[in-house]
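*Asks:* My questions concern the predicted model and sequence given below.
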Amino acid sequence: MWNSGMNVILIRYSEVLLTYAEAMIEKGVIDNTVYDAIDEVRKRAGLPVTDRAVYAGQAKMRELVRRERRVELALEGLRWYDVKRWKIAPQVQNGKLYGMRTGSVDPVTGKVTLTGPNVEVENRVFDASKNYVWPVPQKEIDVNKNLKQNPNY
């Protein structure tokens, strides 16, 4: 894989900027560099700069940077880490999961018509007392008697 001659993206500059903004917000240091980092990502995407009157203070800035990460880094495999780090899994990972609906696309107009039912795939239940950590493999506990199993496993 590494000898393919292709440039493999390990981390995007947008992620660096948003991570910097998040770190500063969590430190409680919200200055122009935080707004500038977020605005650089927004401007590249053709979005307006952050309204500083609306997004002032740690709670509103936290809301902003979390939304920006969710949108900018969509489908890049980072959301799971964000959800774990922010401890928001009970709010975002509980509930019904639906599959694809069937339908058709008009070849002339491009209009999409969905005809099939909204199929429930599973009903997810996130247990915060258990699911933020993985079980310690039994093999590791057998080797090191000082290790204890994580709660609820």
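*Replies:* The structure has been received and is ready for your questions.

*Asks:* mind listing the helices in this protein by residue range?
*Replies:* 13-27, 32-44, 58-72, 79-86, 89-92, 138-143 (DSSP state H).

*Asks:* so can I have JSON lines of the ones you listed showing mean pLDDT and distance to residue 150?
*Replies:* Using the backbone N, CA and C atoms, a C-beta is placed for each residue, glycine as well. Shown next, in JSON lines, are the helices of the chain (pLDDT from 0 to 100; distance: least, Cβ to Cβ, whole Å):
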{"stretch": "helix 13-27", "mean pLDDT": "98", "distance to residue 150": "25"}
{"stretch": "helix 32-44", "mean pLDDT": "97", "distance to residue 150": "35"}
{"stretch": "helix 58-72", "mean pLDDT": "97", "distance to residue 150": "27"}
{"stretch": "helix 79-86", "mean pLDDT": "94", "distance to residue 150": "14"}
{"stretch": "helix 89-92", "mean pLDDT": "94", "distance to residue 150": "16"}
{"stretch": "helix 138-143", "mean pLDDT": "96", "distance to residue 150": "11"}
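
*Asks:* Make TSV from those helices and add distance to residue 122 and mean neighbour count to it.
*Replies:* Listed next are the helices of the chain as TSV, based on distance: least, Cβ to Cβ, whole Å; neighbours: other Cβ atoms under 10 Å:
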stretch	distance to residue 122	mean neighbour count
helix 13-27	30	17
helix 32-44	34	17
helix 58-72	22	17
helix 79-86	17	14
helix 89-92	15	14
helix 138-143	27	10
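
*Asks:* List just the one of those that sits closest to residue 108.
*Replies:* Smallest distance to residue 108 across those (Cβ to Cβ): 32.0 Å, for helix 58-72.

*Asks:* Taking helix 32-44 as reference, get the angle to that closest one.
*Replies:* 30 degrees (axes from the mean of the first three to the mean of the last three Cα atoms, to 10 degrees).

*Asks:* tilt between helix 58-72 and helix 13-27?
*Replies:* 160 degrees.

*Asks:* Might you report the residue contacts of the residue most central in space within the chain?
*Replies:* For the chain, the residue nearest the mean C-alpha position is residue 79 (2.1 Å; Cα atoms, centre = their mean). Each residue near residue 79 by Cβ atoms under 8 Å, 6 or more residues apart in numbering is listed here: 70, 73.

*Asks:* Many thanks, I have nothing further to ask.
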